[in-house]
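Chemist: Quick one, fold the following:
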Amino acid sequence: GAENVREIGQITVQPRPSTLTVPNPMSVNFGDEAELVGYDISKLVTRQGDEVTVTLYWRGKRPMTTDYRVFVQIVQPNTTNVFA
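Modeler: This next block holds a predicted model:
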């Protein structure tokens, strides 16, 4: 409901140099099974009640032996405030 909506303000996303053709390239290795290689965010400027879509780009490194559950949290810079 509306009581769970919080305004988070403006964020800046800095892309990292990469040879990959994905938005916002990065490299986060998950047990040599999968690698998070990039992400995209539908809106960088939001207003209260707006929906934001986050797309994660993955690369499989070998057959999976672990079941992963993925979630995204938005954290206010320089704090531990989490907006979910």
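
Chemist: For the closest residue to residue 51 other than its chain neighbours, the count of nearby residues, please.
Modeler: Distances taken as C-beta to C-beta, 6 or more residues apart in numbering place residue 42 nearest to residue 51, at 7.8 Å, with adjacent residues excluded. Quick note: C-beta positions are derived from backbone N, CA and C, even for glycine. Residue 42: 11 surrounding residues under other C-beta atoms under 10 Å.

Chemist: Look up how far residue 77 lies from residue 42.
Modeler: 20 Å (C-beta to C-beta, to the nearest Å).

Chemist: first to last residue in stretch 42-56, what's the distance?
Modeler: Stretch 42-56 has its terminal residues 12 Å apart, counting by C-alpha to C-alpha, to the nearest Å.

Chemist: Buried residues in it, which are they?
Modeler: By 16 or more other C-beta atoms under 10 Å, the buried positions in stretch 42-56 come out as residue 46.

Chemist: chain center to it, what's the gap?
Modeler: Its chain's C-alpha centre and that of stretch 42-56 lie 11 Å apart, by C-alpha atoms, centre = their mean, to the nearest Å.

Chemist: Could you do stretch 50-58 as well?
Modeler: On C-alpha atoms, centre = their mean, the centre of stretch 50-58 falls 7 Å from the chain's centre.

Chemist: What is the end-to-end distance of it?
Modeler: 26 Å.

Chemist: what sits up against it?
Modeler: Contacts with stretch 50-58, where a contact means C-beta atoms under 8 Å, 6 or more residues apart in numbering, come from 20, 22-23, 34-43, 46, 70, 72.

Chemist: Show me where the protein has its helices.
Modeler: Here the chain has no helices by DSSP state H.

Chemist: pLDDT weak spots in it?
Modeler: The chain contains residues with pLDDT under 70 at 1-18, 76, 80-84.

Chemist: repeat that with 90
Modeler: Low-confidence segments of the chain, defined by pLDDT under 90: 1-33, 41-54, 64-84.

Chemist: and residue 23, how many neighbours?
Modeler: Counted with other C-beta under 10 Å, the neighbours of residue 23 add up to 13.

Chemist: In this structure it contacts residue 39, no?
Modeler: Yes - under the criterion of C-beta atoms under 8 Å, residue 23 makes contact with residue 39 at 6.8 Å.

Chemist: Nice, that's everything, thank you.
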